[in-house]
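1. Sharing a model prediction with you, sequence too.
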Amino acid sequence: MPAQPVFSADSIGKSFGPRTILKAASVWAREGQITVLFGRNGCGKSTLLKIGAGLLRADHGVVLFAGRAYLRPRLPELASRGLFYLPDRDLLSRRLTVRAQIRAVEWRFGGTRSAEILERLGIHGLVDRTPAELSGGERRRAEIATAWIRAPRCLLADEPFAGINSSDAEVITEAFRCLAQEGCAIVATGHEVRQLMDTADDIVWMAAGTTHGMGTPDKASQHEQFRREYLGAARR
């Protein structure tokens, strides 16, 4: 029997005016595993992660994190208990150097591994630049470094591979695997099917405002409807 999730957003509903985005959507993350949330553009993946992180309020549903249930979660409270939300862009201030921002994280949360983590992500020589001076892939690696230095219990990563090249993606994939090996529970979204299928331990598919647990990537690849309606469309 699989371990209980460290994090879950369960039976979430959300509408914006007359438009219903989520009807009864769920996603979860287990300690030491990477869950990938797939779905077409505009289906509500980012909305679900923002609700799970306490940045948006759901119309109904519950967020569970570290053994506690939240009907109205707030990011500061979840963050204080070890949740880290990585948005699809602009986590870091574009004006402060990477070094200054990493020092702020260390001051707030502790940690002594920044030199090791920056080396592993290949940005140790870039820390005196601002994010505005970095390429998209370098900036994303700096954001991942910030999350890793925080040593989160759970990481929610929205589109971590968007707009970066294959070499940057390989470095980030390895970082996610190392985080998971250290016990972090990870949820990642995206459309980079091959990269994410190779990274995932568990697949969740979102369609028509709800979600379906697909299991391992091998099981998901054998699911006829998922293959036809999502994987086939993604390849096209």
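-> Sure thing, it's come through.
2. So what touches the helix or strand where Arg103 lies?
-> Here Arg103 sits within helix 98-109, counting by DSSP states H and E. Taking contacts as C-beta atoms under 8 Å, 6 or more residues apart in numbering, the residues outside helix 98-109 that touch it are 92-93, 111-112, 114, 118, 123, 126-131, 134, 142, 145-146, 149-151. C-beta here means a position set from N, CA and C on the backbone, and glycine is covered the same way.
3. same question, stretch 129-138
-> Here stretch 129-138 has contacts from 92-98, 123, 126, 139, 142, 163-165, 167-168, using C-beta under 8 Å, 6+ apart.
4. sorry, back to before: can you say which of the contacts of helix 98-109 are buried?
-> When burial is judged by neighbour count using 16 or more other C-beta atoms under 10 Å, the buried members of the contacts of helix 98-109 are 92, 114, 118, 123, 126-127, 129-131, 134, 142, 145-146, 149-151.
5. returning to that earlier point: which two of the contacts of stretch 129-138 have the greatest separation?
-> Using C-beta to C-beta, the two most remote members of the contacts of stretch 129-138 are Arg95 and Ser167, lying 27.3 Å apart.
6. Tell me what the most centrally placed residue in the chain is bridged to.
-> Compute the mean C-alpha point of the chain, and by C-alpha atoms, centre = their mean the closest residue is Ala157, 1.7 Å away. Each beta-bridge partner of Ala157 is listed here: Leu86, Ala188, as defined by DSSP bridges.
7. Roughly how far does it sit from Arg227?
-> Relative to Arg227, Ala157 is positioned 25 Å away (C-beta to C-beta, to the nearest Å).
8. Also Ala200?
-> In terms of C-beta to C-beta, Ala200 sits 16 Å off from Arg227.
9. just the helices in this structure please.
-> 45-53, 75-80, 98-109, 114-120, 136-150, 166-181, 193-199, 217-221, 224-226, 232-235 (DSSP state H).
10. Gly32 is nearest to which of those helices?
-> Comparing the helices of the chain against Gly32 with C-beta to C-beta, the closest turns out to be helix 166-181 (5.3 Å).
11. So what touches the closest one?
-> By C-beta under 8 Å, 6+ apart, the residues outside helix 166-181 that reach it are 32-34, 120-122, 137-138, 140-141, 144, 147-148, 152, 155, 157, 160-161, 164, 186, 188, 192, 195, 198-199, 201.
12. If any of those residues are buried, put those into a ChimeraX selection.
-> Buried residues among these (16+ other C-beta under 10 Å), as a ChimeraX selection:
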select :32,33,34,120,121,137,138,140,141,144,147,148,152,155,157,160,161,164,186,188,192,195,199,201
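13. Surely His191 and Asn41 touch.
-> Yes: His191 is within contact range of Asn41, at 7.4 Å (criterion: C-beta atoms under 8 Å).
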